[in-house]
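Colleague: Predicted model and sequence follow; I will ask about them next.
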Amino acid sequence: MSRYFTEEHEWIDVEGDTATVGITDYAQEQLGDIVFVELPDVGTIVEQGGDAAVVESVKAASDVYAPISGEVTEANSALEDDPALVNTSPEEDGWFFKLTISDKSELEGLMDEKTYVVFVEGL
Amino acid sequence: MSDGNYSVTDDLSDTHPDDMPEQQVLPLDAWHRARGGRMVEFAGYQMPIQYTGEGGGIVAEHEWTRNHAGLFDVSHMGQLLVSGEGADAALEALLPIDLSTLKLGMQRYSLLLDENGGVLDDLMVSRWPRDVFLVVNGATKWDDIAHLREHLPDDVTLNHLQDRALLALQGPEAFAVLDRHATGEYPLSALTFMKFGLFTVAGVEMAVSRSGYTGEDGFEISLPAEDAEKIATLLCGEPEVKPIGLGARDSLRLEAGLPLYGHDLDTGTNPVSAGLMFALNKSRREAGGWMGHEAIAPVLASGPATKRVGLIVEGRLPAREGAPVFAGESQIGHVTSGGFSPTLGYPIAMAYIDAGHAADGTRVQIEVRSKRLDARVAPMPFVPHRYYRGEPR
């Protein structure tokens, strides 16, 4: 399994043709207390860089973009009852949705963990 | 992920009078940064939206203020002194306030209105020994000053006290903390809600009013800018006090049902729609003689077409500023402030809606990202005020 990162602070775990998407620890820290997560319905076709979810923190609503294109196969229902999971476990239990990857070549433009860490340090 | 727009950020891209300084750094700028303040642009300054580290974060800061005491730096607000023999009459021509009943040591909420009855700003007015003291919003202070200069006669002096800072100490433990340090012309316990007096803390003389913007008991403290760090450090050294950022300030005032200028009030709203009739002092409502009266008189007579109401939103998805409000298929208004209430655990909002739908309990819907959320009109404040009016403690 490989994990990739976007400049918009999403992470994506890739296993074969399926992927799991969430936002990074840096992102949750910037957003603050998360009170609601609006997830895509199963079957939604998302496009790389397009809107996929919305995170509502106490202070604002923020869009979450799809790191790559694909069809949503599952949304994390645990976030409905406990949106704060995104704060407490952003890169594990607080995942957003899973999708079937439509074009693996899109992964080439994403960062690996090491590159992302350097990217965040530069912010 | 996109960085959302901070709901408390004011856009200052409008043109400003020439006398607005280019570089504006608040007296406590470095102090906030040293304490982990996450600085954002607000009202032309860099201000802390929240603090990082233990006890930081909007919800933690919000809850701390409701349970203990929070120190807010509101030095961006404009502190103005109006002096001269004709000061009262000149101000009464601009504000719907009865200054004859504003005695020394009293403070009152008022409104700066334009010719159309629109709200230019909301402000606090207090009677100082020789002057009338105004505290106006940071984002509007330069426009307010220009407006006042234009309309005040030459023999009335307007002083912008740019060398003063303004701190707010808010919360149920605010009194205990300030009482530990303050000496004054009378005991701090005699300073009840909307009174002001001169007190000394650690050798610094300050004008203290019992008021604030959180719905809690608390104080607003005007002091020399050069002493702000010393006093902020002293107060935050007390176990009851933590510094609180703009984020919690916004969620606290929303729960308290207090309108925020630029969001819930602007030149397109009139005081009657806004539910701020109390700011139109009784003796002056009909007599008039203040800017905006001619436009507001018919609204007073026949009632406003729209009203500012509180809304409780079902579910957890917050409805924010700009969201349209519906009754069935017809749009009846829009949200002007909204967010998740940390104290209540559900989303709340303020909206202007058609007066016919404004009764408490009326069911409405709010549209958020093409979804309709059920909501109902609710009385404000959402969280009861706990002002100290002199009842037995």
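Modeller: Here it is on my side, so go on.
Colleague: Look up how far residue A:5 lies from the most far-flung residue of chain B relative to its centre.
Modeller: In chain B, the greatest distance from the average C-alpha position (Cα atoms, centre = their mean) is reached by residue B:329, at 34.6 Å. Distance of residue B:329 to residue A:5, computed by Cβ to Cβ, to the nearest Å: 44 Å. Backbone N, C-alpha and C define where each C-beta goes, glycine included.
Colleague: Next: residue B:322.
Modeller: Using Cβ to Cβ, we find residue B:322 at a distance of 32 Å from residue A:5.
Colleague: neighbour-wise, which of the two wins?
Modeller: When residue B:322 and residue A:5 are compared on other Cβ atoms under 10 Å in any protein chain shown, the one with more neighbours turns out to be residue A:5, at 22 against 11.
Colleague: show me what contacts the more buried one?
Modeller: For residue A:5, the contacting residues are A:11, A:12, A:24, A:110, A:111, A:112, A:113, A:115, A:116, A:119, by Cβ atoms under 8 Å, 6 or more residues apart in numbering or on different chains.
Colleague: near chain B, which residues of chain A?
Modeller: When proximity is defined as Cβ under 8 Å from any Cβ of the partner chain, chain A approaches chain B at A:8-10, A:23, A:27, A:30-33, A:35-36, A:38, A:54-65, A:83.
Colleague: Mind checking which of those are in helices?
Modeller: A:27, A:30, A:31 (DSSP state H).
Colleague: And the pLDDT at the closest residue to chain B within chain A?
Modeller: Of chain A, the residue with the smallest distance to chain B, taken as Cβ to the nearest Cβ, is residue A:60 at 3.1 Å. Residue A:60 carries a pLDDT score of 87 in this model.
Colleague: ditto for the one 4 residues further on
Modeller: pLDDT, residue A:64: 96.
Colleague: Let's verify residue B:145: helix, strand, or coil?
Modeller: Assigned state for residue B:145: helix (three-state reduction, DSSP: H, G, I helix; E, B strand; the rest coil).
Colleague: and the closest residue to it other than its chain neighbours, what are its bridge partners?
Modeller: Sequence neighbours aside, residue B:160 is the residue nearest to residue B:145 in space, at 6.0 Å (criterion: Cβ to Cβ, 6 or more residues apart in numbering or on different chains). Here residue B:160 sits in beta bridges with residue B:80, as judged by DSSP bridges.
Colleague: So residue B:160 sits against residue B:78, correct?
Modeller: Yes - the pair residue B:160 / residue B:78 is scored as a contact, 6.6 Å apart, by Cβ atoms under 8 Å.
Colleague: Excluding sequence neighbours, find me the nearest residue to the spatially most central residue of chain A.
Modeller: Among the residues of chain A, the smallest C-alpha distance to the mean C-alpha position (Cα atoms, centre = their mean) belongs to residue A:22, namely 2.6 Å. When the adjacent residues along the chain are set aside, residue A:22 lies closest to residue A:95, with 4.2 Å between them (Cβ to Cβ, 6+ apart).
Colleague: where along the stretch 51-200 of chain B do the helices fall?
Modeller: Assigned by DSSP state H, counting those that start in this stretch, the helices in the stretch 51-200 of chain B fall at B:58-67, B:87-92, B:141-151, B:174-181.
Colleague: Residue B:264 is nearest to which of those?
Modeller: Nearest of these to residue B:264, taken as Cβ to Cβ: helix B:141-151 at 17.7 Å.
Colleague: helices or strands up against that closest one?
Modeller: For helix B:141-151, the contact count by 3 or more Cβ pairs under 8 Å, 6 or more residues apart in numbering or on different chains; DSSP states H and E identifies strand B:78-83, strand B:119-127, strand B:157-160 as packing neighbours.
Colleague: Helix or strand for residue B:361, just tell me which one.
Modeller: Using DSSP states H and E, no element contains residue B:361; it sits outside every helix and strand.
Colleague: For burial, what's the neighbour tally of it?
Modeller: 8.
Colleague: Was I right to think it contacts residue B:379?
Modeller: No - under the criterion of Cβ under 8 Å, residue B:361 lies out of contact with residue B:379, with a separation of 9.3 Å.
Colleague: Enumerate the positions of stretch A:102-122 that are buried.
Modeller: Buried residues in stretch A:102-122, counted by 16 or more other Cβ atoms under 10 Å in any protein chain shown: A:106, A:107, A:110, A:111, A:116, A:120.
Colleague: before we move on, the earlier item: what is in contact with residue B:160 and residue B:78 at once?
Modeller: Common neighbours of residue B:160 and residue B:78 (criterion: Cβ under 8 Å, 6+ apart): B:141, B:145.
Colleague: ok, is stretch B:382-393 in contact with chain A or not?
Modeller: No - using Cβ under 8 Å from any Cβ, stretch B:382-393 stays clear of chain A, coming no nearer than 14.7 Å.
Colleague: in the sheet, who's paired with the closest residue to residue B:182 other than its chain neighbours?
Modeller: Counting by Cβ to Cβ, 6+ apart, the nearest residue to residue B:182 once its immediate chain neighbours are dropped is residue B:199, at 4.3 Å. Legend: beta-bridge partners of residue B:199 under DSSP bridges are residue B:184, residue B:206.
Colleague: Could you report the neighbour count for residue A:63?
Modeller: Burial measure for residue A:63: 16 neighbouring residues, criterion other Cβ under 10 Å.
Colleague: and it, bridged to which residues?
Modeller: On DSSP bridges, the residues paired with residue A:63 through beta bridges are residue A:54.
Colleague: related to what we said a few turns ago, if I look at the residue nearest to residue B:182, how far off is residue B:187?
Modeller: Counting by Cβ to Cβ, the gap between residue B:199 and residue B:187 amounts to 10 Å.
Colleague: Of those two, which one has the most company?
Modeller: Neighbour totals were compared for residue B:199 and residue B:187, and residue B:199 leads with 24 against 12 (other Cβ under 10 Å).
Colleague: List the contacts of the more buried one.
Modeller: B:182, B:183, B:184, B:185, B:188, B:205, B:206, B:208.
Colleague: Taking those, tell me the two that lie furthest apart.
Modeller: Between any two of the contacts of residue B:199 (Cβ to Cβ), the greatest distance is 14.5 Å, for B:188 and B:205.
Colleague: More neighbours: which of the two?
Modeller: residue B:188 (19 against 12).
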